[in-house]
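Q: Give me a model of this one.
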Amino acid sequence: MKILFVHQNFPGQFLHLAPALVARGHDCLALTDVKNQRGSTLKTLKYTHKEQKVDPAACRLGRSYTTYSDRGVTVARAARSMREKGYVPDVIFGHSGWGETLFLKQVWPEAKLIVYSEFYYKGRDADVGFDPEFTAATFDQMLITQGRAAHQGQALIHADAGFAPTQWQASTHPELLRERLTVIHDGVDTEQITPNPEARFVLPDGRNLTPQDEVLTFVNRNLEPYRGYHIFMRALPEVLRARPKAQVVIVGGDGVSYGNAPKDATGWKDIFLNEVRDKLDLSRVHFMGKVPYPHFIALMQVSRAHAYLTYPFVLSWSMIEAMAAGCHIVASATQPVMEAIEDGKTGTLVEFFDVAGWSKALTEALADPERYVPLRKAARAAAIATYDLHSHCLPKTIAFVESFAPPSASKI
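A: Alright, predicted model coming up:
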């Protein structure tokens, strides 16, 4: 088959799928934003999108749709140019989040269109209003959020099928759209990410951390409220007071992936660090920024306790990877975390806003690692059984994509 991947930050969720399909003999091509600097072994074409400022007063609740549909038009024009040069894919697999797939059926009506729809904006029962400190569930805010789903609904309606990584993320879609979704996680490589008693993680000052040390870890793409950074930082003073040998390693950038940026700042890191700075021994708190993937794996392998928090929102790959590494995961009792972590069996769940509860759970995890060995082993077993890339997720995804092969396609 000719398969076209469309993603403004390719490879994104197609990191493993695209090369696997190439290995099976498919003719794969990617279309991505010219600003995307991520490398790929796939042949890649790039489109140039110049985002126009939207006048909120003129667009009202349509401002998100205006932004995303504008990108969709840019991608459709790039697709039309590809068609004029003779390129016609059998299958298009694109992410619906940025509007890129909205008009591709107008260019290639004969192609099968699959959209990766990982979360559906909704005014109730998800991230909006979950944390009143940052996201008030006012009537207007609920309407604004619901309005943001317009392009997502259109993307799924005009697609031949949809794809979501977890059952809860699929459940955020309205029932009529939920029926169009197949749920398969992207998968993690549990052969690459394994427990390693000989692992070492080197701090910026040259010190080596090992699995024998009291290492507390917190990892996210960016340090922000959506991922509970504020709760974690507020819990730290008591943890460091109770555990004088603990070393805290925090990985993540100082940008904003989700939600709003703070006023008068580009990121949240220093805001919450400054809130508790006077209560911390900063010689034991290490902000690493963003780290290379092998360093992240080593960090998970030396971690004695790994804290993961999230609003009811998209589940991070890093939490599943921590399970694969055999971490003792202390996680927020929020969806979709509870789909992956069972309290007392594969990890420890704590109510998201319970700062004292977080301090207690993390302190206990650092103080008595032997107590949690069964949970660590069970977490890895669960990662292998449900989220393993090679034995489970990738074969299912390949079969899903290949099910859309046209009758003329040769059998593989």
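
Q: Quick one: neighbours of the nearest residue to A325 once chain neighbours are set aside, just the number.
A: The shortest distance from A325 to any non-neighbouring residue, by Cβ to Cβ, 6 or more residues apart in numbering, is to M300 (3.7 Å). No exception for glycine: its C-beta is placed from N, CA and C like everyone else's. Counted by other Cβ atoms under 10 Å, the residues lying close to M300 total 27.

Q: Check L394 too.
A: 19.

Q: Could you do D281 as well?
A: 13.

Q: nearest residue to it other than its sequence neighbours?
A: Per Cβ to Cβ, 6+ apart, closest to D281 is L240, 5.6 Å.

Q: Going by neighbour count, which residues of whatever helix or strand that neighbour lives in are buried?
A: Using DSSP states H and E, L240 falls within helix 229-242. For helix 229-242, burial by neighbour count (16 or more other Cβ atoms under 10 Å) applies to Y229, H230, I231, F232, M233, R234, A235, L236, P237, E238, V239, L240.

Q: swap in stretch 350-361?
A: Residues of stretch 350-361 classed as buried by neighbour count (16+ other Cβ under 10 Å): V350, F352, F353, V355, G357, W358, S359, K360, A361.

Q: which residues touch the helix holding L240?
A: Residues outside helix 229-242 that contact it (Cβ atoms under 8 Å, 6 or more residues apart in numbering): 133, 216, 218, 220, 223, 246, 248, 252, 268-269, 272-273, 275-276, 279-281, 284-285, 307, 309, 332, 352-353, 355-356, 358-359, 362-363, 366-367.

Q: which of those residues count as buried?
A: Applying 16+ other Cβ under 10 Å to the contacts of helix 229-242, the neighbour count classes 216, 218, 220, 223, 246, 248, 252, 268-269, 272-273, 276, 280, 284-285, 307, 309, 332, 352-353, 355, 358-359, 362-363, 366 as buried.

Q: Among those, which ones are in helices?
A: K269, F272, L273, V276, V355, W358, S359, L362, T363, L366 (DSSP state H).

Q: of these, closest to R376?
A: R376 lies nearest to L366 out of those, by Cβ to Cβ, at 13.7 Å.

Q: what separates that closest one from V302, distance-wise?
A: Per Cβ to Cβ, to the nearest Å, L366 is found 13 Å from V302.

Q: so L29 is in which element?
A: Following DSSP H and E, one finds L29 within strand 27-33.

Q: Tell me, please, where in this structure the pLDDT is lower than the cut-off.
A: 409-412 (pLDDT under 70).

Q: can you list the domain ranges for it.
A: Residue ranges for the domains of the chain, per automatic domain parsing: 2-187+390-402, 201-387.

Q: what's the helix or strand for the spatially closest residue to A161 that is not a sequence neighbour?
A: Leaving aside its sequence neighbours, A161 sits nearest to I114 (Cβ to Cβ, 6+ apart; 5.0 Å). In this structure, I114 is located in strand 112-116 according to DSSP H and E.
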